[in-house]
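Chemist: next come a sequence and a model predicted from it.
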Amino acid sequence: MENNDTAKQAKQNEKRAQAKAKMKAQEEKLKGLGDLYNGKMYMKHREWRGFKDTAYDFFRWLITMKDLMVFVARAPRRITKAMFNYRWLCSYLSSPAFIDRHSMGLRGSALRVLHLQYNAMIKNTTKLMATTFKADKRFGKNKLSEKVVLFDEMMPMHIMAGFPNLIGIPAQVAAVFQCSVMDQNSMIPYLDAIENYGLPADVCPLPACEAAVAIMDEYPKMGKCYISSSMPCDGSVMASSYQNRYYNIPTFPLVFPVRYMDESAEDYAVEEIKKAIAFIEENTGEKFDWDAFFTCMGRYNEETKLEMNKWEINKTDCPQVTGATLAMYRMYSFLISASRDPLFLKVSKKVDKIITKANQSGEKCSKEQRHRAVLWSPPAHYYEHYSLWAENCWGINVLVDMESLVATKMFSTTDKEQALKDVAYTYERMTMRRHTNGGYVNVLDELWRVCKEFNADMVLMLEGVSCKTMAGLKGLFDEQARERGIHLVWVEHDLMDPRTVSRKSMRESLNRYMTTVLREEPVDPTLVDFDDELVW
Amino acid sequence: MKDLKHMIYFEKLLEDAHNELVVKAQEEGGLAIGYTCFHMPELLLNLDKCFSLRLRAPKTTSLEISTYYMSNYVCEFCRAILERSIEGGYNFLDGIAAVDACAQMNRCVENISIQKLIDKDKFFMSHIDVPYKVDDNGIQHYTNQVRLRVLDEMSKLGVDTSDEAIKKALDIHNEVCAIITEIGDFRKEKEVRVTGHEFHILNLITYTCPKALIVDMLRETLEEIKARTPDDKKWRARVVLVGSEIDDPALTEMIEDTGALIVADRFCFGSFPGRQQMHLVEGEDVLTCICRQYLEQSQCPRYMSEDKIQQRYDMVDGYAKEYNADGIIYEQIKFCDYWGYERAMASHVMQNEFGYQVLSIDRPYISKSSSGQLRTRVQAFIESIEIKKINNSKGAKRNGK
């Protein structure tokens, strides 16, 4: 009996040892984040972040799934129909993976901040999309459509705060902007279609896709009127002619001076805002409600203060909110919600508490902090999380980026005329436009000012190959960076077309610089080269 | 047809931005003001002792240095202007009156400014903001911009910018426009008295030389054309040429070599718009009146309002009808965003809604660099027009039977 027991125990011990060895081998093999990629659309498994953080991350994943289910439950029949009508809609199935990509490597406060902010974006988008499909005349007549005022997606919608009984919908956000961030391949069929239509392949893919969705008849059809926009660049100006033709509803081009720094241009901009308000009133029968507007702008002021505090914290030696989160959240709260959704203020307050505490306690936002960087030029939509990769792979903390740095002027909440001036001022300095319009000082000189303010030693210059406004200053960026001793790394991309410059090629640009110029070793060697061509 | 007396001289003038008439005008105390776009009111750059020069970069070959500064994805016209500036080709200018109408040209002149490429004493560079739509608010804004950013700068050089000076400049401007319009009207005739290529050269001269020094020669040329015996040459098709900058006469020559007569020129540096006479309206401020007409005449695709979009299509349709065109060629310099979008959309609209045969092409700034490809495209287009004509006549015969 004893012999049998001993033999059994020995066998069990052997099995345990084998299992341990296997686990150890697996652990050794899966030491880095790059090992999670397996060349397929999805990861090998979720990232292990320690018990507490993994549990939190999984909990947030469940919340995302819940939000998606709530979205479908809002208009199940119409959303099902939309699935079969709009090719782009399928990309939203990858929403949880989108958040996973943007949270890789994050721990503690940084992880919590990321999830809070992204969840606000998901909630806002799903609400917006459900409303869109409910108002879509393609799926049957409805009264909701009569309440919709369509806006160009690049036009901030603050003035809609004065029309509480109407619904302002950024026309292209769901089909183009958000979709292209969710799934790197989502815009390829549209780019092919518009090039086949005759549009040159060298134009910026964002307005090209906006035009493409129109010619492919894949926008939800709705709305009483449409506010088109010249923002932020020449491509957007031109894509608006495709939208006008497609929607075929009363359209008001809300345009602002390109040279907005010129004080003599202010009156023109204010007059445009007044005309836009009058246009909406005329077409909807609604009256501009100043009280509602001022309430909302009070919220905007609070949000702006909190956003500025984020930047202040990032200027310290212990930055807290780095990478794509900065721009993405700002884009949603400022541009799309335009402070009309109270959720963003609630989340911003929570985030502010977390990052202030983390900053005071000296909590690091990433594993290693080797370089303080500024990200300039518009990032690739198909690789929004590029800066997070740079942080995980090379210890480069992106402290601020061009897209986040929009106007921060506080709105008057008592004086009507001043409030309109504030709207005009803010619109002129909206996402991207603040830098690409108004002369080189706003983008070239501004970069060096930002570098100094954030004490940055590196600039990740995300060069959209078809962004001619930025390309026109390429040589001057190079020369002036050299004069200032700032590491300026050019990373080519094609905004929404990963076929032109793949994610892998974008990584190679930085890898080359880090190994040849700076001669550094990666923080996580598994992230230097991996295959994510098929990943959403 | 008999060669026009001054044509060779005109062609020679076009070989250099700093041509002998510019030199002469400057020697006589004139101030050369360069500009790059229709949105800078040409008329107002010809006040008092100033004369306007629409910037070109003839004989451009390598764009290497400007490509370093602006990348190879930027419009070649903008890069060529920068390259020529770097080479010192515009050092004779007394000022550049720029417009922020297209981002790429704006970056080009910003490069000239930041790099201090033109270091002539008292040289000025100004930018004006151009509205995206034409309404009272836009006209007022545009007029203010012209007054503050252009006329005030010119005043600093001792230039008279009064209403009287504007009226004086208007006289010679209108005279040149009247001559060019009269010459252009010959293109409506069935039998050709002036080719599109010849007209292109005559028109380019008016943009790139001091008007006072060419008006007599233009007048003489008009008389010559009036007396000219039309050519026996059988043109295979008549086309309207629409699109972005064409300051290279080799392109119009190449198109006409294939047998397509260019009967109307709706492109930047063309006569539509640009060579229509301007009129003052009683009771309206002189400057505002001139600025308003520039905005109203402009057919640049950057205008977003529906009325202007429709105006662009209607105008092209009008030219095609008035000048008896068989087809329309939409062209665009590579990397031009405005005309890239317009060309794509308009080529469908003009074909499907207006019923024209349309060729849509993008091209380099200097057409010689891809003349083979362009020639093939145009030849194929002409053949398609001819085939359609044959089919139509067969159809007509069948119907007649």
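Modeler: Yep, it's here.
Chemist: tell me the secondary structure for residue A:490?
Modeler: For residue A:490, the reduced secondary structure class is strand; criterion used: DSSP: H, G, I helix; E, B strand; the rest coil.
Chemist: now do the same for it: its pLDDT.
Modeler: Residue-level confidence at residue A:490 comes out at 97, pLDDT.
Chemist: so it makes contact with residue A:459?
Modeler: No. Contact criterion CB atoms under 8 Å: residue A:490 and residue A:459 do not qualify, at 9.5 Å. The way it works is simple: take the backbone N, C-alpha and C, and place the C-beta from them, glycine included.
Chemist: okay, these two: which has more neighbours?
Modeler: Remark: of residue A:490 and residue A:459, residue A:459 carries more neighbours, 24 against 16, as counted by other CB atoms under 10 Å in any protein chain shown.
Chemist: ok, that one touching residue A:452?
Modeler: No. Counting by CB under 8 Å, residue A:452 is not a contact partner of residue A:459; they are 12.0 Å apart.
Chemist: quick one: end-to-end distance for stretch B:112-122.
Modeler: This stretch, stretch B:112-122, spans 15 Å end to end (CA to CA, to the nearest Å).
Chemist: tell me who's in contact with the nearest residue to residue A:517 once chain neighbours are set aside.
Modeler: Nearest-residue entry for residue A:517: residue A:487, 7.3 Å, with adjacent residues in sequence omitted and distances by CB to CB, 6 or more residues apart in numbering or on different chains. Counting by CB atoms under 8 Å, 6 or more residues apart in numbering or on different chains, residue A:487 makes contact with A:371, A:457, A:458, A:459, A:481, A:513, A:517, A:518.
Chemist: what of residue A:528?
Modeler: Residue A:528 is in contact with A:34, A:393, A:507, A:511, A:522, counting by CB under 8 Å, 6+ apart.
Chemist: so the first one touches residue A:522, yeah?
Modeler: No. Counting by CB under 8 Å, residue A:34 stays clear of residue A:522, with 9.6 Å between them.
Chemist: more neighbours: which of those two?
Modeler: Neighbour count, other CB under 10 Å: between residue A:34 and residue A:522, residue A:34 has more, with 21 against 18.
Chemist: check contacts around the more buried one.
Modeler: The neighbours of residue A:34, taking CB under 8 Å, 6+ apart as the test, are A:524, A:525, A:526, A:527, A:528, A:529, A:530.
Chemist: quick check: the residue nearest to it when sequence neighbours are not counted vs residue A:513, distance?
Modeler: If the residues on either side of it in the chain are set aside, residue A:34 comes closest to residue A:526, at 3.0 Å by CB to CB, 6+ apart. Plainly put, residue A:526 is 19 Å away from residue A:513 if you go by CB to CB, to the nearest Å.
Chemist: same check, this time on residue A:134
Modeler: If you measure residue A:134 against residue A:513 using CB to CB, the figure is 49 Å.
Chemist: give me the number of residues near residue A:312?
Modeler: Every residue meeting other CB under 10 Å relative to residue A:312 is counted, giving 12.
Chemist: pLDDT score assigned to the residue nearest to residue A:517?
Modeler: Per-residue confidence (pLDDT) for residue A:487: 97.
Chemist: for it, give its distance to residue A:460.
Modeler: If you go by CB to CB, the gap between residue A:487 and residue A:460 works out to 9 Å.
Chemist: likewise residue B:171?
Modeler: When distances are taken as CB to CB, residue B:171 and residue A:460 turn out to be 57 Å apart.
Chemist: the two: which is more packed in?
Modeler: Summary of the neighbour comparison: residue B:171 and residue A:460, criterion other CB under 10 Å, with residue A:460 having more neighbours (27 against 9).
Chemist: what strand or helix carries the more buried one?
Modeler: Here residue A:460 sits within strand A:458-464, counting by DSSP states H and E.
Chemist: following element in sequence after that strand, please.
Modeler: In the C-terminal direction, the helix or strand that comes right after strand A:458-464 (DSSP H and E) is helix A:468-471.
Chemist: next, the angle strand A:458-464 makes with the helix or strand just after that next one.
Modeler: Sequence-wise, the next helix or strand beyond helix A:468-471 is helix A:474-484, with elements assigned using DSSP H and E. The directions of helix A:474-484 and strand A:458-464 differ by 180 degrees, with axes from the mean of the first three to the mean of the last three CA atoms, to 10 degrees as the criterion.
Chemist: so which elements touch helix A:474-484?
Modeler: Applying 3 or more CB pairs under 8 Å, 6 or more residues apart in numbering or on different chains; DSSP states H and E, one finds that helix A:474-484 makes contact with helix A:444-453, strand A:458-464, strand A:487-493, helix B:64-70, helix B:103-114.
Chemist: what's next to the last one, contact-wise?
Modeler: What that stands for is helix B:103-114. Outside of helix B:103-114, the residues that reach it under the criterion CB under 8 Å, 6+ apart are A:233-234, A:258, A:436, A:439-440, A:444, A:468-469, A:471-473, A:475-476, B:36-37, B:66, B:69-70, B:74-75, B:77-79, B:81-82, B:85, B:90, B:96, B:98-100, B:117-118, B:125, B:127, B:335-337.
Chemist: circling back: what average pLDDT does the strand holding residue A:460 get?
Modeler: Per-region confidence: strand A:458-464 scores 96 on mean pLDDT.
Chemist: for stretch A:186-202, same thing?
Modeler: Taken as a whole, stretch A:186-202 has a mean pLDDT of 97.
Chemist: near chain A, which residues of the stretch 251-400 of chain B?
Modeler: The stretch 251-400 of chain B comes close to chain A at residues B:301-302, B:304-306, B:309, B:332, B:334-335, B:337-338, B:340-345, B:347-348, B:360, B:362, as judged by CB under 8 Å from any CB of the partner chain.
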